[in-house]
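**Student:** Need coordinates for the below:
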Amino acid sequence: PYEGPFANNKCDLEGLANPDNISFISDYNSLIIGEDTGSGHQNDMIWSYNLKSKELTRIQTTPYGSETTSPYIYKNINGFGYLMSVVQHPFGESDADQLNNADEAFAYTGYIGPFPALK
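**Tutor:** Down below sits the predicted model:
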């Protein structure tokens, strides 16, 4: 049970809550996991889980009330690799009072990288 600004989190902030979307990076032996928690974590996250070391690492956090979608690895774009993701309905689902009108409902794309190109 969290208190104060963390009170809306019902799951451990250092662990997964309601995994929804996945991608795999074979070169790093890592599973990329996106959350759609609703009430588990107030800010959904994207995690990397290394299958060999069994280490779980939070690599992205979304804005309040949004959802992670579509994690995808681009292995080689002009000699570099990128991890892309989409942040869906920021300020529009669990915090509808923050959305002033429907014209403000949109999604964002983002990336992590560049890092060396993968095979």
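**Student:** how about the closest residue in space to Phe24 that isn't next to it in sequence, what does it touch?
**Tutor:** Closest residue to Phe24 in three dimensions, ignoring its sequence neighbours and counting by C-beta to C-beta, 6 or more residues apart in numbering: Leu31, at 5.6 Å. No exception for glycine: its C-beta is placed from N, CA and C like everyone else's. If a contact means C-beta atoms under 8 Å, 6 or more residues apart in numbering, then Leu31 has Ile22, Ser23, Phe24, Ile25, Ser48, Tyr49, Leu51 as its contacts.
**Student:** Quickly find the element holding Leu31.
**Tutor:** Taking DSSP states H and E as the definition, one finds Leu31 inside strand 30-35.
**Student:** For whichever helix or strand comes after that strand, the averaged confidence score.
**Tutor:** Beyond strand 30-35 on the C-terminal side, the first helix or strand identified by DSSP H and E is strand 45-50. Strand 45-50 comes out with an average pLDDT of 92.
**Student:** what's the angle between whatever helix or strand comes next after strand 45-50 and strand 30-35?
**Tutor:** Where DSSP H and E defines the elements, the next helix or strand beyond strand 45-50 is strand 56-61. Inter-element angle recorded for strand 56-61 and strand 30-35: 50 degrees (by axes from the mean of the first three to the mean of the last three C-alpha atoms, to 10 degrees).
**Student:** Give the buried residues for strand 56-61.
**Tutor:** Residues Gln60, Thr61 are the ones in strand 56-61 that count as buried (16 or more other C-beta atoms under 10 Å).
**Student:** Check stretch 63-73 too.
**Tutor:** If you call a residue buried by 16+ other C-beta under 10 Å, then stretch 63-73 has these buried ones: Gly65, Ser66, Glu67, Thr68, Thr69, Pro71, Ile73.
**Student:** Return the member of these nearest to Thr109.
**Tutor:** Set against Thr109, the nearest of these by C-beta to C-beta is Thr69 (9.8 Å).
**Student:** From Gly79, how far off is the most centrally placed residue in the chain?
**Tutor:** The chain has Ile46 as the residue nearest its centroid, 2.8 Å off, counting by C-alpha atoms, centre = their mean. Applying C-beta to C-beta, to the nearest Å, the value for Ile46 to Gly79 is 24 Å.
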